[in-house]
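Chemist: turn this into a structure:
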Amino acid sequence: MTSATTTDAAEEFRRLSDDDPELQAHGTYYSCSFLLDMDPHQFLVRMHKGKVEELITDPEPLAAYDFAIRADAETWQGFCRQTPPPMCHGIWAATFRRGMRLEGDLLVLMQNLRCVTRQLELLRVTGPLGPTDETGTTPSSRET
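Modeler: Residues are numbered from 1 along each chain as shown. I've put the predicted structure just below:
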């Protein structure tokens, strides 16, 4: 298990989440944990009262979370672009037409949908989370 604070994109995601005015306005009761499965890495995000309490890269196999958002690298790459391509613009579109899957306690996801959606929109600033390569960029975040 590695702390995601070792990656620039993950640290930026944490900072943007914690400082986001919309998340703070809606996040009083935003407390849950979810897994972002961004092939080849996974990120466990634990939220407490609208703040990122913990962000873990590649958590242990039995780490507990409420729900998971899983997709292949290509889907995340499109989803995380500043202007995403068709059917990568939101989790519902990507779930219906792309390789994204929602798993786990979807009631918790629905109860926190606006906050989760906003947090995922912040990925358009950071790009996909993950270790950076020697150029300092996340390999899957480069535009082609």
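
Chemist: going forward, measure contacts between C-alpha atoms and count neighbours the same way
Modeler: Noted.

Chemist: so which bits of whichever helix or strand Ser17 is part of are buried?
Modeler: Counting by DSSP states H and E, the element that carries Ser17 is helix 8-19. By neighbour count with 16 or more other Cα atoms under 10 Å, helix 8-19 contains the buried residues 8-14, 16-18.

Chemist: just stretch 52-64 next, same as before
Modeler: When neighbours are counted by 16+ other Cα under 10 Å, the buried residues of stretch 52-64 are found to be 52, 55-59.

Chemist: ok now it, how far from the chain's centre?
Modeler: Averaged C-alpha coordinates place stretch 52-64 at 12 Å from its chain's average position (Cα atoms, centre = their mean, to the nearest Å).

Chemist: what about that stretch, start to end distance?
Modeler: One end of stretch 52-64 sits 16 Å from the other (Cα to Cα, to the nearest Å).

Chemist: what ranges do the strands span in this protein?
Modeler: 2-3, 32-38, 41-48, 51-57, 67-71, 101-104 (DSSP state E).

Chemist: show me the shaky parts of the chain.
Modeler: 1-7, 131-144 (pLDDT under 70).

Chemist: which pair in the buried residues of stretch 52-64 has the greatest spatial separation?
Modeler: Val52 and Asp58 (16.5 Å; Cα to Cα).

Chemist: redo the strands of the chain as JSON lines? Include distance to Leu129.
Modeler: As requested, the strands of the chain are exported to JSON lines (distance: least, Cα to Cα, whole Å):
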{"stretch": "strand 2-3", "distance to Leu129": "12"}
{"stretch": "strand 32-38", "distance to Leu129": "8"}
{"stretch": "strand 41-48", "distance to Leu129": "8"}
{"stretch": "strand 51-57", "distance to Leu129": "9"}
{"stretch": "strand 67-71", "distance to Leu129": "13"}
{"stretch": "strand 101-104", "distance to Leu129": "18"}
